[in-house]
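# Here you go, sequence then predicted model.
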Number of protein chains: 2
Amino acid sequence: MTEHDLVRELVEKNSSKIILLVADGLGGLPLKTGGKTELETAQTPNLDRLASIGTSGSSVPVLPGITPGSGPGHLGLFGYDPLEFKIGRGALEATGIGFELGSNDVAARGNFCTLDSKGLISDRRAGRIPSEESFAVVEKLQRVNITGVETFVKPVKEHRFVVVFRGSGLDGRIADTDPQATGVSPLDPQPLNPNAQKTADIAKEFVKQARDILKDEPKANGLTLRGFADKPNLPSYEELYGLKAAAIAVYPMYKGLARLVGMTLVGQPQTLSEQINQLEASWEEYDFFFLHFKYTDSTGEDGNFDEKVKQIEQLDAMIPKIEKLHPDVLIVTGDHSTPSKLKSHSWHPVPTLLVAETCRPDGRQQFSERDCLGGGFGIFPAKHLMLLAMAHAERFGKYGA
Amino acid sequence: MTEHDLVRELVEKNSSKIILLVADGLGGLPLKTGGKTELETAQTPNLDRLASIGTSGSSVPVLPGITPGSGPGHLGLFGYDPLEFKIGRGALEATGIGFELGSNDVAARGNFCTLDSKGLISDRRAGRIPSEESFAVVEKLQRVNITGVETFVKPVKEHRFVVVFRGSGLDGRIADTDPQATGVSPLDPQPLNPNAQKTADIAKEFVKQARDILKDEPKANGLTLRGFADKPNLPSYEELYGLKAAAIAVYPMYKGLARLVGMTLVGQPQTLSEQINQLEASWEEYDFFFLHFKYTDSTGEDGNFDEKVKQIEQLDAMIPKIEKLHPDVLIVTGDHSTPSKLKSHSWHPVPTLLVAETCRPDGRQQFSERDCLGGGFGIFPAKHLMLLAMAHAERFGKYGA
């Protein structure tokens, strides 16, 4: 029996409310041996109080030692094994710009490149063409017209864009056309599976028309396509957990990830404060609320220890407003660690906290990496967090008699 | 996606150095309830200092409650699931005497036995014939000559020896010929799979010729064969981790295990001190160093608590010399526990310590079974240790975007 089959078997509905507050990249490291992490440094009276009444633990996003991107990091928190459920590069890129993928879609990431007079690649990134220029070129590509499919071309940033083909019988098993070298031609889109022949032909036609449209561009006169991918096949929150779920996020990537598991995007909040207002506004209508807070990650990526500390303190300050809603289950965690010291995502476990009436005390007095180690959830795979959320919301029946 | 596929996908090369110091049978037990283990009793100022700056944990060699032999114990530490990757008895026996198995080899363990005038087994171990006598008998078996294969016969100890057949199309799926009883004949080598018929015929011919050679031996006039096995099919360290790995071990068994995963044996050290010298000498040439220290296990097997304590202290005294090399990752662990109290391997988790720049502090002040329990790695499967080693050596890219 898979874990998801077990979930489906045990789910019971009630009127409980669950909040999953994801502080992106929450976990950290001390700058120097013997020092404190960002979370240990921050003054977090509210989170510390919650730690003393809730249950803590250290969540492992994928496996020990494995650093996840945002995709696998969030899939784990949402209860999907990130090694089993994968989001192809093209699908993630489309998701990241807020494009809503459908089940008839195949998405690929496009890169503009510069071709010389012989059609060979002279610059794989079209001189890192500025976004403004690139967006104008993308606009021209809207003229591509391929019989039998709808084609969407969307800008991302600089030389990067996204192509989505929508039609029946498409299959994303297509090889990259980027030869990863200069002085050679872009490759033809080749099917990696016989079922993908039709899609390869469509991609080929796209390239042909695009090349014609771009032929007079000074920099972006060619293109390569990578990471062809279908929409990932994730069971929805509604089907799996019986939860009506809302996502309250600022950035497209996290909105997209939430939408992939069937959450509804509510509001257009731009700040944490607006996110909390949205939470209040949507409170009656949903069972589950995913709140995404970006700045613990971005400050970590910037290597700005002090600023990450401040962002944690700002998050802490919002906790009382969240508590006022009296959620049955309130979870505070991260999708991975982003230590300022490393200026990047890392593999270190993520401090995690769950507060509910049904929590067993675990003697924690603080919310920190160190304290979470001895917490009641121990060191556990992130994919099990939703099992705990559902249990503490009393939304699971008994397994076996 | 399997864990090894994930590893292959994420591996990045750099110039970091990793040391895996295996104190065989490191974990222990107090002799009396309420007492201290060997490691807790030993004065280990260096390991304790490392514990205060590194991350600790308790590694579970196979599964809770499962006592491993040296083979599964080391496979786990090397990152191979010991339930998935198995080393057949014959292959392990050959490995243990330092015989380098090839992919065309089938190895079996042989036992001399005594046959009565009717050819029935009267003593299954040939009166536990002393090694010197047995070795002479093994020497006579070099005369065996089988068309189409090379045959190697190597002494082990007392009545035990190893036979290796080398040739194309061999298959180790052959039943044991030891009837596990006296008063009956040795069994014929029978194929357990149609593909193994040729190998069974070869084994039969071996037994026939050997019986003829041995017919006048007073004790060892017969033989049985057990544990037929191919060379285990383990991905190499180079292929899996992209690591150029050196093994610095004194005993043949551990050299053999290291060779099975593609490590290079360096030097012929006879003492820990010589091992450290070899480590220094080979430092520039390799990325990964497996150092095996035997005496924490052998003293445990002897039930000599005090001597095991001394061996741990001698190991501790060598730590500063290792530190002087400034490894990027230094791991100290064991392949299993060997409590003096039990005089044998045991299933208890193994105290484990990893030191790197990227360690998150876990509040440990001592290296001991008790302290490791609350360490940052928690209680974890030994097979995940290499993931952590690779991560802390910053030799893994990010999983997913």
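Yep, that arrived. Residues are numbered from 1 along each chain as shown, chains lettered A, B, ... in the order given.
# Got the confidence number for the closest residue to chain B within chain A?
Closest to chain B within chain A is residue A:65: 3.3 Å, counting by Cβ to the nearest Cβ. C-beta here means a position set from N, CA and C on the backbone, and glycine is covered the same way. The model reports residue A:65 with a pLDDT of 98.
# Tell me how many other residues crowd it.
Using other Cβ atoms under 10 Å in any protein chain shown, residue A:65 has 24 neighbouring residues.
# thinking it is in contact with residue B:396, fair?
Yes - counting by Cβ atoms under 8 Å, residue A:65 touches residue B:396, with 6.7 Å between them.
# which neighbours do the two share?
Shared contacts of residue A:65 and residue B:396 (Cβ atoms under 8 Å, 6 or more residues apart in numbering or on different chains): A:347, B:387, B:390.
# before we move on, which element is the last one in?
By that I understand residue B:390. For residue B:390, the host element (DSSP states H and E) is helix B:385-392.
# Go through stretch A:21-36 and flag the buried ones.
By neighbour count on 16 or more other Cβ atoms under 10 Å in any protein chain shown, the buried set for stretch A:21-36 is A:21, A:22, A:23, A:24, A:25, A:26, A:27, A:28, A:29, A:30, A:36.
# I should have written stretch A:334-344 there, sorry.
A:334, A:335, A:336, A:337, A:338, A:339, A:340, A:341, A:342, A:344.
# Which residue comes closest to the fifth one once chain neighbours are left out?
Take residue A:338 and drop its neighbours on the chain: the residue closest to it by Cβ to Cβ, 6 or more residues apart in numbering or on different chains is residue A:25, 2.7 Å away.
# burial measure for the residue nearest to residue A:130 when sequence neighbours are not counted, as a count.
Spatially, and ignoring its direct neighbours in sequence, residue A:130 is nearest to residue A:158 (6.7 Å; Cβ to Cβ, 6+ apart). Neighbours of residue A:158 under the rule other Cβ under 10 Å: 18.
# tell me the mean pLDDT for stretch A:9-25?
When pLDDT is averaged over stretch A:9-25, the result is 98.
# what's the span of it, first residue to last?
Its start and end residues considered, stretch A:9-25 measures 33 Å (Cα to Cα, to the nearest Å).
# ditto for stretch A:186-197
End-to-end distance of stretch A:186-197 (Cα to Cα): 19 Å.
# Pull the residues that contact it.
Residues from elsewhere that reach stretch A:186-197, judged by Cβ under 8 Å, 6+ apart: A:113, A:115, A:121, A:171-179, A:199-200, A:203-204, A:207, A:222-225, A:228.
# Next: stretch A:315-329.
A:16-19, A:21, A:23, A:42-47, A:50, A:272-273, A:276, A:279-280, A:283, A:289, A:293, A:296, A:330, A:332, A:354-357, A:389, A:392-394.
# Stretch A:260-274 too?
Under Cβ under 8 Å, 6+ apart, the answer for stretch A:260-274 is A:78, A:80, A:87, A:95, A:101, A:231-232, A:234-239, A:244-250, A:255, A:258-259, A:275, A:277-278, A:281-282, A:286, A:288, A:290, A:293, A:314-315, A:318.
# Ok, stretch A:227-235 next?
If you take Cβ under 8 Å, 6+ apart as the criterion, stretch A:227-235 is touched by A:4, A:75, A:80, A:85-93, A:101-103, A:105-109, A:170-176, A:189, A:199, A:203, A:260-262.
# Among the contacts of stretch A:315-329, which ones are in strands?
The members of the contacts of stretch A:315-329 that map onto strands under DSSP state E are A:18, A:19, A:21, A:23, A:289, A:293, A:330, A:332, A:354, A:355.
# re the thing from before, need phi/psi at the residue nearest to residue A:130.
phi 50, psi -120 (degrees, to the nearest 10).
# buried subset of the contacts of stretch A:227-235?
Burial by neighbour count, 16+ other Cβ under 10 Å: within these this picks out A:4, A:75, A:80, A:85-93, A:101, A:105-109, A:170-176, A:189, A:199, A:203, A:260-262.
# Residue A:208: neighbouring residues, count only.
Residue A:208 is flanked by 12 other residues according to other Cβ under 10 Å.
# Point me to the helix or strand that includes it.
In this assignment (DSSP H and E), residue A:208 forms part of helix A:197-214.
# re the thing from before, among the contacts of stretch A:260-274, which are in strands?
A:245, A:246, A:247, A:248, A:288, A:290, A:293.
# Most neighbours among those residues, please name it.
Among those, residue A:248 has the most neighbours (other Cβ under 10 Å), with 29 neighbours.
# how about that one, what does it touch?
By Cβ under 8 Å, 6+ apart, the contact set of residue A:248 is A:266, A:267, A:269, A:275, A:278, A:279, A:282, A:289, A:290, A:291, A:292.
# Going through these, which ones are buried?
Applying 16+ other Cβ under 10 Å to those flags A:266, A:267, A:269, A:275, A:278, A:279, A:289, A:290, A:291, A:292 as buried.
# Touching, residue A:153 and residue A:146? I think so.
No - in this structure residue A:153 lies outside contact range of residue A:146 using Cβ under 8 Å: 11.5 Å.
# any residues in contact with both of those two?
Residues within reach of residue A:153 and of residue A:146 at once, by Cβ under 8 Å, 6+ apart: there are none.
# So if I had to pick from the two, which one is more boxed in?
Remark: of residue A:153 and residue A:146, residue A:153 carries more neighbours, 20 against 17, as counted by other Cβ under 10 Å.
# And what about that one, helix, strand or coil?
Of the three states, residue A:153 takes strand under DSSP: H, G, I helix; E, B strand; the rest coil.
# ok, for it, nearest residue in space, not its chain neighbours?
Leaving aside its sequence neighbours, residue A:153 sits nearest to residue A:141 (Cβ to Cβ, 6+ apart; 4.4 Å).
# and that neighbour, what is it in contact with?
A:153, A:161, A:210, A:213, A:214.
# picking that back up, could you single out the nearest of the contacts of residue A:248 to residue A:371?
residue A:291 (22.6 Å; Cβ to Cβ).
# Wait, the closest one touches residue A:24, no?
No - counting by Cβ under 8 Å, residue A:291 stays clear of residue A:24, with 10.9 Å between them.
# Phi, psi for residue A:121 please.
Per-residue torsions, residue A:121: phi -70, psi 120 (degrees, to the nearest 10).
# Any idea how many residues pack against it?
22.
# Am I right that it is in contact with residue A:180?
No - applying Cβ under 8 Å, one finds residue A:121 not in contact with residue A:180, separated by 9.7 Å.
# Packing partners of the worst-scoring helix or strand of chain A on mean pLDDT?
Lowest on mean pLDDT, DSSP states H and E among the helices and strands of chain A sits helix A:89-96, with a mean of 88. Applying 3 or more Cβ pairs under 8 Å, 6 or more residues apart in numbering or on different chains; DSSP states H and E, one finds that helix A:89-96 contacts strand A:105-115, strand A:150-157, strand A:160-166, strand A:222-230, helix A:252-260.
# Mind exporting the C-alpha coordinates of that helix to PDB?
The C-alpha coordinates for helix A:89-96 follow below in PDB (Å, rounded to 0.1, in the frame of the first residue of the first chain):
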ATOM      1  CA  ARG A  89      12.400  21.600 -16.200                       C
ATOM      2  CA  GLY A  90      10.000  23.100 -18.800                       C
ATOM      3  CA  ALA A  91       7.000  22.600 -16.600                       C
ATOM      4  CA  LEU A  92       8.700  24.200 -13.600                       C
ATOM      5  CA  GLU A  93       9.800  27.100 -15.800                       C
ATOM      6  CA  ALA A  94       6.200  27.600 -17.000                       C
ATOM      7  CA  THR A  95       5.000  27.300 -13.400                       C
ATOM      8  CA  GLY A  96       7.500  29.800 -12.300                       C
END
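# ok, residues contacting that helix?
A:69, A:71, A:87, A:101, A:105-109, A:154, A:156, A:160, A:162-164, A:172, A:226-232, A:252-253, A:256-257, A:259-260, B:400-401.
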